[in-house]
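Student: turn this into a model:
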Amino acid sequence: MSTPAEQRPKRRKVINWGCVLVLGVLLICGGLLSWAIRGIRRARRDFGCVATLPYIGLAMQTYREQHGSFPPAYSAGKDGRPMHSWRVLLLPYMEADQLYEEYSFDEPWNSPNNLALAHNVPVGMLEFHSTYRCPADSEADELHATYLMLVGPGAFSDGSHGRKREEITDGSSNTIMIAERSQSGIHWMEPRDLNVPQMSYRINDPAGYGIRSAHPGLANAVFADGHTDSISENIDPEILKALITIDAGDRGSEFHSMR
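Tutor: Numbering: from 1, shown residues only. Prediction:
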């Protein structure tokens, strides 16, 4: 005879602690894996920046060897206004000869013909433009430049004049020629860069215009001798100012002595 349901003994719910332990380990491992992947992606972005800047530095040195001076920040039109960027002038030294040949120097940088090159896949622009953009600067427009020249009186470039190495009396290893500016809003072809007289001499200054990067605590720069270095956002503003000048005979060498 069957036992009424209400008289049957109630079964206890048995917790399988082994399954709980395994599940917990999987969750922890999943979290660690996710964290590790994010770290690897950050490292790849940072490495991409550090790997690209020496390439630009080498191209600048090659240009100087062939022309006797570094490229100017821009070449000017007949009216004296900026017309073409150093980033365009450097193309033949960065394995972008076809793009350089199709670019029209008789027209402004933003003419329909020149702007069309920015999206011309056969010319290779969609692969090339990232050379002037830090991989970590992911929130910027894909055709905007992160790497900008220091321009102004006493800086690496004064505009349309190409500096000779002998003009840099502070020493080429103590003088920044190109630095990061994340989310610059500057098209890579546009003849516009970091305007030194308007700059803050603090890296990643949230309240000022100046050198800024997507890398926590630092920004990368190329020096006039072609080497690349990372500059801490804690650098003394006077030392950063010294690194930006070419002939003040000041404290730029202190940056390297502290490393």
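Student: can you find the helix or strand of the protein with the lowest average pLDDT?
Tutor: Between all helices and strands in the chain, the lowest mean by mean pLDDT, DSSP states H and E belongs to helix 125-128, at a mean of 51.
Student: can I get whatever helix or strand Leu148 lives in in CSV, CA atoms only?
Tutor: In the assignment (DSSP states H and E), Leu148 maps to strand 147-151. Extracted as CSV, the C-alpha positions of strand 147-151 are listed here (Å, rounded to 0.1, in the frame of the first residue of the first chain):
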residue,chain,number,x,y,z
TYR,A,147,51.5,63.0,-33.5
LEU,A,148,52.0,66.7,-33.8
MET,A,149,55.1,68.8,-34.4
LEU,A,150,56.1,71.5,-31.8
VAL,A,151,55.7,74.8,-33.5
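Student: next up, phi/psi of the residue lying closest to Pro54 once chain neighbours are set aside, please.
Tutor: Closest residue to Pro54 apart from its sequence neighbours, by C-beta to C-beta, 6 or more residues apart in numbering: Thr228 at 5.1 Å. Heads up, the C-betas are built off the backbone N, CA and C, glycines and all. Per-residue torsions, Thr228: phi -110, psi 140 (degrees, to the nearest 10).
Student: gap between Thr228 and Arg192?
Tutor: As judged by C-beta to C-beta, to the nearest Å, Thr228 and Arg192 stand 23 Å apart.
Student: which element follows the strand holding Leu148 toward the C-terminus?
Tutor: strand 176-180.
Student: low-confidence stretches in the stretch 151-259 of the chain?
Tutor: 250-252, 256-259 (pLDDT under 70).
Student: just the helices in it please.
Tutor: Assigned by DSSP state H, counting those that start in this stretch, the stretch 151-259 of the chain shows helices spanning 237-244, 253-257.
Student: can you say which of these is packed in most?
Tutor: Most buried of the helices of the stretch 151-259 of the chain, by mean neighbour count (mean count of other C-beta atoms under 10 Å): helix 237-244, with a mean of 20.
Student: which strands and helices lie in contact with it?
Tutor: For helix 237-244, the packing partners by 3 or more C-beta pairs under 8 Å, 6 or more residues apart in numbering; DSSP states H and E come out as helix 253-257.
Student: how about a cut-off of 10 Å?
Tutor: Judged by 3 or more C-beta pairs under 10 Å, 6 or more residues apart in numbering; DSSP states H and E, the packing partners of helix 237-244 are strand 176-180, strand 218-223, strand 228-232, helix 253-257.
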